[in-house]
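Participant: need a 3D model of the following:
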Amino acid sequence: MGQSEDILATLRAHANPANVAGMARYGINPSGTLGVPIPILRKLAKECGRSHELAAALWESGVHEARILATLVDDPARVTKGQMDRWARDLDSWDVCDQACQNLFRYTPFAFDKAAQWARARPEFVRRAGFSLMAGLAVKSKDAPDAQFEAFFALIEAAATDDRNMVKKAVNWALRQIGKRNTRLRVKAIAKAEEIRAMESRAARWIAADALRELRK
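Facilitator: You can find the predicted model right below:
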């Protein structure tokens with residue numbers, strides 16, 4: 001057996017159907033899900049170390065937890081734009097989407113471009129990935145200029161009327177995280193939230209009200 005097969009066997013040995021049922025209640029797709037807790041995945045990732053080839057094999061397995069593990073072991077320096085697009089198209093659950101963005105995609109040189117591209121996409125989890133990536137960049141890209149984040153405000157406004165739950169929560173997340181970067185962006189994020197709140201959309205009003213509660217604290 002190869003390394004990926006050994007890891008898949010380990011994941012299956014830790015399968016917990018009760019966890020899968022609990023995850024489903026939180027909107028996580030139970031298809032291909034084993035119910036392996038994140039601490040076990042992080043321990044496995046530490047044991048494996050970085051491996052672009054292993055990450056590819058784990059992702060191709062289609063197993064929910066194996067895909068999360070793939071985002072932990074892949075090497076951001078070897079990730080290509082094509083790989084990011086392929087993985088984004090494969091997304092079918094919000095947790096794998098966010099793990100991919102926060103563990104891997106935001107550390108690639110293409111992160112800002114992909115955030116903008118995916119934010120315009122129609123598929124639910126591709127679009128969520130765009131805004132999840134924005135939120136992650138707002139936290140980790142310490143040296144990025146404000147202008148790169150200001151460019152996201154138009155995309156946030158354009159998606160604010162998307163009432164799909166997985167999208168609107170990510171739009172809200174991106175708006176809040178950008179606003180928390182510094183005082184200047186906070187002022188701009190509050191102004192954008194006020195514009196969004198005035199839109200004729202229940203999703204937009206929810207996004208704005210929730211963001212304003214946090215940004216005005």
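Participant: from now on I want contacts and neighbour counts done on CA atoms only, so please keep to that.
Facilitator: Noted.
Participant: buried residues, stretch 102-121. List them.
Facilitator: 102-108, 111-112, 114-120 (16 or more other Cα atoms under 10 Å).
Participant: and stretch 153-164, by the same measure?
Facilitator: So for stretch 153-164, counting by 16+ other Cα under 10 Å, buried means 153, 155, 156, 157, 159, 160, 161, 162, 163.
Participant: can I get those residues in a markdown table including distance to residue 97, secondary structure and pLDDT?
Facilitator: A markdown table is the format used below for these (distance: Cα to Cα, whole Å; DSSP: H, G, I helix; E, B strand; the rest coil; pLDDT from 0 to 100):
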| residue | distance to residue 97 | secondary structure | pLDDT |
| --- | --- | --- | --- |
| 153 | 21 | helix | 98 |
| 155 | 19 | helix | 98 |
| 156 | 18 | helix | 98 |
| 157 | 21 | helix | 98 |
| 159 | 18 | helix | 98 |
| 160 | 19 | coil | 98 |
| 161 | 21 | coil | 98 |
| 162 | 18 | coil | 98 |
| 163 | 18 | coil | 97 |
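Participant: turn the residues you listed into TSV, columns for distance to residue 136.
Facilitator: Listed next are the buried residues of stretch 153-164 as TSV, based on distance: Cα to Cα, whole Å:
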residue	distance to residue 136
153	15
155	16
156	15
157	18
159	18
160	19
161	22
162	21
163	22
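Participant: thinking again about what came up before, okay, and which of the buried residues of stretch 102-121 map to strands?
Facilitator: Judged by DSSP state E, these include no members of strands.
Participant: which of the residues you listed fall within helices?
Facilitator: Mapping the buried residues of stretch 102-121 onto helices (DSSP state H) picks out 102, 103, 111, 112, 114, 115, 116, 117, 118, 119.
Participant: closest to residue 209 among these?
Facilitator: residue 119 (20.9 Å; Cα to Cα).
Participant: dump the residue contacts of the closest one.
Facilitator: Neighbouring residues of residue 119 by Cα atoms under 8 Å, 6 or more residues apart in numbering: 126, 127, 128, 129, 130, 131, 155, 159.
Participant: look at it and report its pLDDT.
Facilitator: If you check residue 119, the pLDDT there is 98.
Participant: any idea how far it is from residue 95?
Facilitator: 17 Å (Cα to Cα, to the nearest Å).
Participant: one step back: farthest pair within the contacts of residue 119?
Facilitator: Farthest pair in these, by Cα to Cα: 126 and 155, 14.0 Å.
Participant: and of the buried residues of stretch 153-164, the nearest to residue 185?
Facilitator: residue 153 (10.3 Å).
Participant: helix or strand for the closest residue to that closest one other than its chain neighbours, which one?
Facilitator: Leaving aside its chain neighbours, residue 153 sits nearest to residue 192 (7.1 Å; criterion: Cα to Cα, 6 or more residues apart in numbering). Here residue 192, judged by DSSP states H and E, is contained in helix 183-197.
Participant: now residue 59
Facilitator: Per DSSP H and E, residue 59 falls inside helix 52-60.
Participant: tell me what that helix is packed against?
Facilitator: Packing partners of helix 52-60 (3 or more Cα pairs under 8 Å, 6 or more residues apart in numbering; DSSP states H and E): helix 3-13, helix 64-73.
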